[in-house]
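In: pasting a predicted model and its sequence here:
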Amino acid sequence: MSKGLKAEVEKCTGCQICALVCSATHVGKFNPSESRMNVMDLYPEPGEVRLNYCIQCDEHPCVEACPAEAIKFNDALGIYYVDKEECTGCGMCVEACPHDGCWMDPSESYSIKCDLCGGAPQCVEVCPKGVLKR
Amino acid sequence: MAYGYTGKVLRVDLTEEKTSVEPLNGDWAKEYIGGKGLGARYLFEELKPGTDPLSPENVLSIWTGPLVGTMVPLTSRYAVITKSPLTGTFLDSYAGGYFGPEMKYAGFDAIIIKGKAPKPSYLYVNDGNAEIRDAKNVWGKDMFKTEELLREEVGQKAARIAGIGQAGEKLSRIAGVTSDITRNAGRGGAGAVFGSKNLKAVVAKGSLGVEVPKIDEFAKMAKQMLLKDVVENPDHAGLVTDGTPIIVDMSQDAAILPTNNWHNGQFDGYQGIDSDALKTRVFVRKKACFGCGIACGSWAKVRDGPFKGSSTEGPEYETLGLAGSNCGVRNIEAIVKFAEECDRLGLDTISAGAAVGFAMDLYEKGIITKEDTGGLDLKFGNEEAYAKMPEMIAERKSKIGDLLAEGSLLAARKIGKDTEKLVIHAKGSEYPAYDPRGSIGMALAYATSDRGADHNRAWPVASDAYGDGDPWSTEGKAAICHEEQIMKSYKWSMIYCDFYGVSAENMAMYFTAVTEQPASVDWLNAVGVRVWNLVRAFNVREGFSKKDDTMPDRMESEPLPTGKTEGKTVPRAAFDKMLSEYYQLWGWDDDGKPTKKTLEDAGLGDIVAKLDYLK
């Protein structure tokens, strides 16, 4: 069973508050581009929203793809996370992920994906429509 | 520069095809905050009085504010500030969606655009850089297609775009600026100012973010406020469940719902266009703007019938009123189509709806015929003809389309034959959907709104027709307008959404949390007084005075026929009384001009020398 976030995307209104709190938590500023939750409007079919984030899939091809072994396992949470210090920014994980769950930081120097904020995911707490669940 | 500001203004000279970056004026930022206030100050300084709004000399500016892009709820909007081609007044027009924060993340508090590009162009801003690009692939295209093509062209699938459809390109004075497909800085014709500059769009993509002090504490506060002050705030309940369409039934009950070009305050087909109709017939899902926990927007899609497949976000109350009951349209599906067309082509739904209602009135009276309408049988309630009107206006097709593109008032002046009396407007801006004959304070609110008739500067209808007050008493109406215009002036300078029922105390608290600058309710009031007086001085400098603070004769001469407003009018004496009280409250002279003392007290002593009437 996947340990990642669950989302009832049909309830999502696209407000991006999850992305705001995520970037505040991870990089200390409000910047959806650095968020681990990517809220995507689907054009040209407006009104539809897609949430891209790491669902912590069982296959985790990102782990196999990483040549630097920078995607590590957190025993306590049972999830894989990117060790920023060891990530070389090669982008192999991004290519390998079939779920659009990880991507490059805007600096292009390392990849980012949801790490459940160390166990208390802030987006789940803040989502005004109860879309996200742990 | 304080936290919350990027501290940068992008200057664009389209004539020379050059861009440059300069620091934001920090002294002004302290006195005017951002958005409306700061934009007004720059415009007052930089626009030569008497400038033709559609000439290269007009100044077009796009503003964010210090709270935009942060986690302060419902503040992530943008303001388009310029001189209005519809009214000739100052114009500040706002849109939600996602463009505002994106522009700020791209590095700019404001973009100030002058001149006229030698060929159709668009502006691309990305992380502190700016580029004027050739718009040949999108010129002539609607905004839906334009958004798609420009995202491809800049190679950013999450870029946000504010631009114009055919209406703005063809210089319609009721053309808005459209972003995120359905969000419009609609009122006042800013789209035509884009068009007059050969500017199709501004495309923004930013990853610079916004920093605030002590962000962990800040996020905790914002989270709590989002829950307590937004999601659980009882003032927002109707917006969460219904959104603005909830007002249709309220207006029908109060008999102030504009119907058939303001000849009635009640519509016998209202049940086909109200919130229940929306929810049961076309609703798909709720939609929010950036950083909003309310999500008042409704995605609607037509399921069957002649308009099957049409979709829009909304329609909102003003659209349901002006483009619904006021055109005698009984089915929400037709209004979804009309709203979709207005978004696609870049038209303001209030002015476009009002203009079509006016044209239907002309048609029914035989003043215009099928010869003028391109063969359309433009009777009230003819949905097929009505749904074609946005394109007729935006593309200036047929005689009537070409005329209405100028706005109802200019159209009436060209038609002549005493048709001006059929146009319900103030300063050329068509009235929003609250009939003053059942809320006389609205006549004052419309007459004194800085950008022409408007519901977002003061809204006395809330406390009379929708509340316990007496809708026909002049008592206290000037005070409501005065107070709300002050409050909205600072609220729009921080660019809050109108729908956040945020207290002044909390606005001050948020401001300090973001900028680390002290703020209080008194200080916010002082900013509001300063901004409203500045804008009034701008308008006086453009030739406006008491002679322009008017209401249409029909408000006095034509009593409404049914319901609570049966036999009701706005007596001229009542209007004049409110207006004179209003001038006194503001400290303006009998002609509606701010006195030297009023300006000095408001901290505007330095503009006195720039005003001829004070010499």
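Out: Perfect, thanks for sending it.

In: and B:I335, how far is that from B:E406?
Out: Look at B:I335 and B:E406: by Cβ to Cβ, to the nearest Å, they are 24 Å apart. Where you see a C-beta, it was placed from the backbone N, CA and C, and this is true even at glycine.

In: between these two, point out the one with more neighbours.
Out: Between B:I335 and B:E406, B:I335 has the larger neighbour count (other Cβ atoms under 10 Å in any protein chain shown), namely 36 against 24.

In: quick one, phi psi at the more buried one?
Out: phi -70, psi -40 (degrees, to the nearest 10).

In: contacting residues for it?
Out: B:I273, B:P315, B:T319, B:L320, B:A323, B:G324, B:V329 (Cβ atoms under 8 Å, 6 or more residues apart in numbering or on different chains).

In: which non-adjacent residue is nearest B:E383?
Out: Excluding its sequence neighbours, the residue lying closest to B:E383 (Cβ to Cβ, 6 or more residues apart in numbering or on different chains) is B:A334, at 4.0 Å.

In: one step back: which ones among the contacts of B:I335 lie within helices?
Out: B:T319, B:L320 (DSSP state H).

In: who wins on neighbours among the contacts of B:I335?
Out: Most surrounded of the contacts of B:I335: other Cβ under 10 Å gives B:G324, at 37 neighbours.

In: distance check, the closest residue to it other than its chain neighbours against chain A.
Out: Spatial nearest neighbour of B:G324, chain neighbours left out: B:I273 (4.3 Å); criterion: Cβ to Cβ, 6+ apart. Computed with Cβ to the nearest Cβ, to the nearest Å, the distance linking B:I273 and chain A is 20 Å.

In: next one: B:A513
Out: Note on B:A513: its distance to chain A, by Cβ to the nearest Cβ, is 12 Å.

In: around chain A, pick out the residues from the stretch 1-150 of chain B.
Out: B:G69, B:T70, B:M71, B:Y98, B:P101, B:Y105, B:F144, B:E147, B:E148 (Cβ under 8 Å from any Cβ of the partner chain).

In: low-scoring stretches of chain A, by residue?
Out: Chain A contains residues with pLDDT under 70 at A:1, A:43-46.

In: name the residue of it that lies nearest to chain B.
Out: A:N31 (2.7 Å; Cβ to the nearest Cβ).

In: number of residues surrounding that residue?
Out: A:N31 is flanked by 24 other residues according to other Cβ under 10 Å.

In: with B:M250 instead?
Out: Per other Cβ under 10 Å, the neighbour tally for B:M250 reads 17.

In: B:K214 too?
Out: Burial of B:K214 is recorded as 12 neighbouring residues (other Cβ under 10 Å).

In: dihedrals phi and psi, it?
Out: The phi/psi pair for B:K214 (degrees, to the nearest 10) reads phi 40, psi 70.

In: so how far is B:V514 from it?
Out: Counting by Cβ to Cβ, the gap from B:K214 to B:V514 is 11 Å.

In: pLDDT weak spots in the stretch 51-200 of chain B?
Out: Short version for the stretch 51-200 of chain B, where the test is pLDDT under 70: none.

In: quick check: the residue of chain A closest to chain B touching B:S207?
Out: Yes - A:N31 is within contact range of B:S207, at 6.5 Å (criterion: Cβ atoms under 8 Å).

In: what sits in contact with each of the two?
Out: Both A:N31 and B:S207 are in contact with B:Y105, where contact means Cβ under 8 Å, 6+ apart.

In: and residue 134, how many residues sit next to it?
Out: No chain specified, so I'll use chain A. Counted with other Cβ under 10 Å, the neighbours of A:R134 add up to 13.

In: let's do chain B instead
Out: When neighbours are counted by other Cβ under 10 Å, B:D134 registers 14.

In: can you pull the contacts of B:A411?
Out: B:A355, B:F358, B:A359, B:I400, B:L403, B:L404, B:V423.

In: quick check, it in a helix?
Out: Yes - checked against DSSP: H, G, I helix; E, B strand; the rest coil, B:A411 lies within a helix.

In: that one and chain A, how far apart?
Out: In terms of Cβ to the nearest Cβ, B:A411 sits 32 Å off from chain A.

In: list the buried residues for stretch B:445-460?
Out: Residues of stretch B:445-460 classed as buried by neighbour count (16 or more other Cβ atoms under 10 Å in any protein chain shown): B:445-460.

In: remind me, longest helix of the chain?
Out: Just going to use chain A. Chain A, longest helix under DSSP H: helix A:17-27.

In: you answered for a different chain; I wanted chain B.
Out: Of all segments of type helix in chain B, defined using DSSP H, the longest is helix B:521-541.

In: so which residues make contact with it?
Out: B:31-33, B:36-37, B:40-41, B:43-44, B:49, B:89-90, B:450, B:485-490, B:493, B:504-505, B:507-508, B:511, B:586, B:588, B:592-594, B:598-599, B:602-604, B:607, B:610-613.

In: which residues touch B:L38?
Out: By Cβ under 8 Å, 6+ apart, the contact set of B:L38 is B:W28, B:A29, B:Y32, B:W63, B:G65, B:D109, B:A110, B:S493.

In: same check, this time on B:A323
Out: Neighbour list for B:A323: B:P315, B:V329, B:I335, B:F338, B:A339, B:C342, B:T349, B:A352, B:G353, B:V356 [criterion: Cβ under 8 Å, 6+ apart].

In: relative to chain A, how far out is the fourth one?
Out: In other words, B:F338. From B:F338 to chain A the distance is 17 Å (Cβ to the nearest Cβ).

In: need phi/psi at that residue.
Out: According to degrees, to the nearest 10, the main-chain angles of B:F338 amount to phi -60, psi -40.

In: that one contacts B:A387, correct?
Out: Yes - using Cβ under 8 Å as the test, B:F338 is close enough to B:A387 to be in contact (5.8 Å).
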